[in-house]
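In: no sequence on this one, just coordinates:
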């Protein structure tokens with residue numbers, strides 16, 4: 001009896017549980033299913049982020065490090081050469097005057113220093129073609145300097161020097177052949193200047209080579225630019241030799257030749273490792289050199305091959321003189337091409353140019369805005 005009494009609460013609890021279960025008291029409420037997460041969208045570029053395209057400039061990744069300025073035919077020749085087709089390069093050089101010819105030969109030769117299969121095919125097809133021999137010879141000069149590296153003598157290994165001089169000797173013989181095949185062409189003699197620099201020719205020997213150049217092309221900017229390197233303090237001359245050479249060339253130059261560019265090249269060679277605050281950048285000499293080049297630019301023919309190189313250096317010196325708006329104007333005229341001084345002196349010319357360009361363009365835009373606002377305020381004041 002006592003056991004039955006003890007079971008009564010259990011039975012009552014069971015009856016209550018069954019009744020409540022039927023009423024649905026113990027059914028779990030289903031959680032609402034969350035909608036599937038939308039795929040992540042790329043973050044929009046914030047409006048304040050600088051993009052060169054927004055200022056009418058070429059995108060960083062499209063900058064051409066080979067050329068100082070536009071040369072559609074040369075680009076086509078380079079593209080053809082990369083596929084093994086040498087004919088466009090041959091035709092282009094045959095149609096080029098000595099100034100254009102030298103610029104194009106050096107660019108084509110730089111490409112051949114990386115892969116000369118197309119030049120070898122050219123020479124095989126036309127053994128007596130002076131242009132083919134010249135490009136091949138200049139490619140050896142470019143290769144020799146590449147093997148040497150761009151460090152100072154104390155940081156260059158014995159092996160690098162041996163390879164440098166071995167290939168440079170080959171280039172010397174090839175250039176002699178190019179000169180024999182085209183006796184009136186100054187380009188083989190101009191190319192020999194870098195051989196003379198590398199081999200450490202005495203001044204007397206260099207003077208003899210220079211006479212061969214000027215008798216063929218007395219006002220050739222490319223030739224003078226190459227020779228100025230020989231007379232630099234870092235090579236076979238001094239600051240005094242270098243500036244004297246530049247002044248002598250400018251004194252004899254016809255209007256519009258762009259030889260006044262040499263003064264800025266000489267100043268750049270002297271100062272490029274200095275801060276922009278260096279007093280020589282602000283000197284009367286630097287200002288006179290800038291102004292003289294501007295005057296010569298105005299008289300130069302529109303298609304002068306050294307116009308882009310002149311503008312690149314003007315960007316550098318105008319910026320150093322805080323002539324920001326003028327510097328930005330010159331930069332816009334050559335933007336997209338950085339195969340020139342000052343950019344090619346830097347280990348990463350693209351990064352350096354992009355940094356200078358951004359600072360310069362933004363600063364110029366700010367100054368122009370300020371000038372426009374000042375004019376508007378002045379106009380309002382006059383109306384009152």
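Out: Yep, it's here. Everything numeric in this text was worked out from a predicted model, so none of it was measured. Residues are numbered from 1 along each chain as shown.

In: And stretch 125-141, what's buried?
Out: Neighbour-count burial for stretch 125-141, counted by 16 or more other CB atoms under 10 Å, picks out 129-141. Glycine gets a C-beta too; all of them are placed from N, C-alpha and C.

In: Tell me which entries of those residues lie within strands.
Out: Among the buried residues of stretch 125-141, no member is found in strands (DSSP state E).

In: for the residues you listed, which one is nearest residue 81?
Out: If you rank those by distance to residue 81 using CB to CB, residue 135 comes first, at 9.5 Å.

In: ranges for the helices of the stretch 101-250 of the chain?
Out: Under the criterion DSSP state H, counting those that start in this stretch, the stretch 101-250 of the chain contains helices at 117-125, 130-148, 158-181, 187-199, 203-216, 221-230, 239-251.

In: I'd like to know which of these is closest to residue 52.
Out: So among those, helix 221-230 is nearest, using CB to CB, at 28.8 Å.

In: Which neighbouring elements make contact with the closest one?
Out: Applying 3 or more CB pairs under 8 Å, 6 or more residues apart in numbering; DSSP states H and E, we find helix 221-230 packed against helix 98-114, helix 187-199, helix 203-216, helix 239-251, helix 261-271.

In: Now do the fourth one against helix 261-271, angle only.
Out: Orientation note: helix 239-251 sits at an angle of 170 degrees relative to helix 261-271 (axes from the mean of the first three to the mean of the last three CA atoms, to 10 degrees).

In: Next: the first one.
Out: Using the same axes, to 10 degrees, the inter-axis angle of helix 98-114 relative to helix 261-271 is 40 degrees.

In: elements contacting helix 98-114?
Out: Contact partners of helix 98-114 among helices and strands, from 3+ CB pairs under 8 Å, 6+ apart: helix 72-82, helix 87-94, helix 130-148, helix 187-199, helix 221-230.

In: how about the spatially closest residue to residue 126 that is not a sequence neighbour, what does it touch?
Out: Ranked by CB to CB, 6 or more residues apart in numbering and with sequence neighbours excluded, the top spatial neighbour of residue 126 is residue 132, at 5.9 Å. Contacts were defined as CB atoms under 8 Å, 6 or more residues apart in numbering; by that measure residue 132 touches 86, 90, 119, 122, 123, 126.

In: Comparing the helices of the stretch 101-250 of the chain by mean pLDDT, which bottoms out?
Out: Here the helices of the stretch 101-250 of the chain differ in mean pLDDT, and the lowest is helix 158-181 at a mean of 90.
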